[in-house]
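*Asks:* Next come a sequence and a model predicted from it.
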Amino acid sequence: MGSDRMTVTHDRPNASASARPSASGSSARPRRRRPLIVLGLTGVVLLCIVLSIAIGAKPIPIGDVWAGLVSPENSENDVIIRSLRVPRTVLGLLVGAALGIAGALMQGHTRNPLADPGLLGVEAGAAFAVVLAIYSFGVTDTLGFVWFAFAGALVASLVVFALGSLGQGAATPVTLALAGAAVSALLGSFTSALILMDRQTLDVFRFWQVGALTGRPTRVIWEVLPFLIVGLLLALYNAPALNLLSLGEDVARSLGQSVFTTRAIGIASITLLTGAAVAAAGPIGFVGLVVPHVARIFTGPDYRWLLPCSALLGGSLVLLTDTIGRVVVRPGEMQVGIIMALVGAPFFIWLVRRRRLAAL
């Protein structure tokens, strides 16, 4: 009997010790895969860039694409590549990356897996400002839309944050979502009223509203680029704090994190990224909604990896859908906002049915 007891008590530590390395090894494997995932997504982005430059109303061989980028000779292909397709590709990459990051931040801060950048009223504010510019000031060019759209997005997000912060305590995910829905509905009604009052406003606004990369001058990229850079830096700075916030507000506070500051920085980043993207290309749906869920499959809930992967996936998705839009109705083209809706809605339904969305 005594020897049996000694055997049992001696075996238990060995069993637990042998189990410990395997558990730590299994938890370390996803972390080791993350750099490889980022590298793979970077390769996907490069492939989408090549396709975006090579495919269009006039197909251009890969060799001519490389020659047009490296040693242009002012041929017809070189002009198409350098003056039209490269700026369009850069704009699509920036817009997709901005919307992907903004969607991940939006879902994290509101703890709502169905949240997208438009939930804070950013898109509604931009749309109302554009309609107001057309109706009141006669603005009809894209460069004029950029500043009005960005100003409208900024004001709308500030109003939402102020309304969500009313009462006792700071803004919460619920109050922000409710305030965003209310402001979006109000601005949407104002936008509809102005459109119905003037047919010319409707004719100009509808081409911006559909969401497109075509017809945007290269200067637009340089105008929105500073806002995108600042928004990206704020997002990366916000990522560690957002990891703590995802554990619960009480836990974050106990670890010395200011919930109000974390949320304010996150909303500032969302506003800058979404406002700049919407101002440059118009509202493009489903990017900020679908991309974070796909990225979360690869990276898990760690926002330090989720945000870069969302940027890469968002840029790839916008470039790919824009390229598809040039092919399906050739020699014409279908705007990226339309293609995104056609692709994004069924894909998101499949994602919801196949994979249970993570609780945020």
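*Replies:* That came through, no problem. Numbers count the residues shown, from 1 in each chain.

*Asks:* Pull up the gap between residue 82 and residue 277, please.
*Replies:* 24 Å (Cβ to Cβ, to the nearest Å). In short, each C-beta sits where N, CA and C put it, glycine included.

*Asks:* Neighbour count: the two, which is higher?
*Replies:* residue 277 (38 against 15; other Cβ atoms under 10 Å).

*Asks:* Tell me where the model's unsure across the stretch 1-150 of the chain.
*Replies:* For the stretch 1-150 of the chain, applying pLDDT under 70 flags the ranges 1-30.

*Asks:* Let me know the helix or strand that the closest residue in space to residue 73 that isn't next to it in sequence is in.
*Replies:* Leaving aside its sequence neighbours, residue 73 sits nearest to residue 67 (Cβ to Cβ, 6 or more residues apart in numbering; 7.7 Å). Per DSSP states H and E: residue 67 is located in helix 62-70.

*Asks:* got any ranges where the stretch 151-300 of the chain has weak pLDDT?
*Replies:* The model of the stretch 151-300 of the chain has pLDDT under 70 over residues 167-170.

*Asks:* Please name every helix or strand in contact with the helix or strand just after the helix holding residue 67.
*Replies:* The helix or strand immediately downstream of helix 62-70 is helix 76-79, counting by DSSP H and E. Packed against helix 76-79 by the contact rule (3 or more Cβ pairs under 8 Å, 6 or more residues apart in numbering; DSSP states H and E) you find helix 62-70.

*Asks:* Using PDB, list the CA coordinates for the helix it packs on.
*Replies:* Provided in PDB are the C-alpha atoms of helix 62-70 (Å, rounded to 0.1, in the frame of the first residue of the first chain):
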ATOM      1  CA  ILE A  62       3.600  42.700 -67.300                       C
ATOM      2  CA  GLY A  63       6.800  43.500 -69.200                       C
ATOM      3  CA  ASP A  64       5.400  46.700 -70.400                       C
ATOM      4  CA  VAL A  65       4.100  47.500 -66.900                       C
ATOM      5  CA  TRP A  66       7.600  47.100 -65.500                       C
ATOM      6  CA  ALA A  67       9.200  49.100 -68.400                       C
ATOM      7  CA  GLY A  68       6.600  51.900 -67.800                       C
ATOM      8  CA  LEU A  69       7.400  52.100 -64.200                       C
ATOM      9  CA  VAL A  70      11.200  51.800 -64.400                       C
END
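
*Asks:* Touching it from outside, list them.
*Replies:* Residues from elsewhere that reach helix 62-70 (Cβ atoms under 8 Å, 6 or more residues apart in numbering): 50, 53, 54, 60, 73, 75, 77, 78, 80, 81, 82, 86.

*Asks:* Now restrict the residues you listed to buried residues only.
*Replies:* Buried members of these, scored by 16 or more other Cβ atoms under 10 Å, are 50, 53, 54, 60, 77, 78, 80, 81, 86.

*Asks:* contacting residues for the second one?
*Replies:* Contacts here follow Cβ under 8 Å, 6+ apart; on that basis residue 53 touches 60, 65, 69, 81, 85, 86, 89.

*Asks:* same thing but 10 Å
*Replies:* Counting by Cβ atoms under 10 Å, 6 or more residues apart in numbering, residue 53 touches 60, 62, 65-66, 68-69, 80-82, 84-86, 88-89, 319, 323.

*Asks:* My read is that residue 163 contacts residue 172, right?
*Replies:* No. At 12.0 Å, residue 163 and residue 172 do not qualify as touching, with contact defined as Cβ atoms under 10 Å.

*Asks:* what residues are shared contacts of the two?
*Replies:* Common neighbours of residue 163 and residue 172 are listed as residue 178 (criterion: Cβ under 10 Å, 6+ apart).

*Asks:* Would you map the helices across this protein?
*Replies:* In the chain, the segments counted as helices under DSSP state H are 2-54, 62-70, 76-79, 86-110, 122-137, 142-164, 173-197, 199-209, 218-245, 249-254, 259-281, 287-299, 303-328, 336-354.

*Asks:* Which one of these lies nearest to residue 116?
*Replies:* Each of the helices of the chain has some distance to residue 116 by Cβ to Cβ; the shortest is helix 287-299, at 4.1 Å.

*Asks:* Any chance you could give me that closest one in CSV, C-alpha atoms only?
*Replies:* Output of helix 287-299 as CSV, limited to C-alpha atoms (Å, rounded to 0.1, in the frame of the first residue of the first chain):
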residue,chain,number,x,y,z
VAL,A,287,-14.6,47.1,-46.1
GLY,A,288,-14.6,48.2,-42.5
LEU,A,289,-17.2,45.5,-41.6
VAL,A,290,-15.8,42.4,-43.3
VAL,A,291,-12.0,42.9,-43.2
PRO,A,292,-11.5,43.0,-39.4
HIS,A,293,-13.3,39.6,-39.0
VAL,A,294,-11.2,38.0,-41.7
ALA,A,295,-8.0,39.5,-40.2
ARG,A,296,-9.1,38.2,-36.7
ILE,A,297,-9.2,34.7,-38.1
PHE,A,298,-5.4,34.9,-38.8
THR,A,299,-4.2,37.1,-35.9
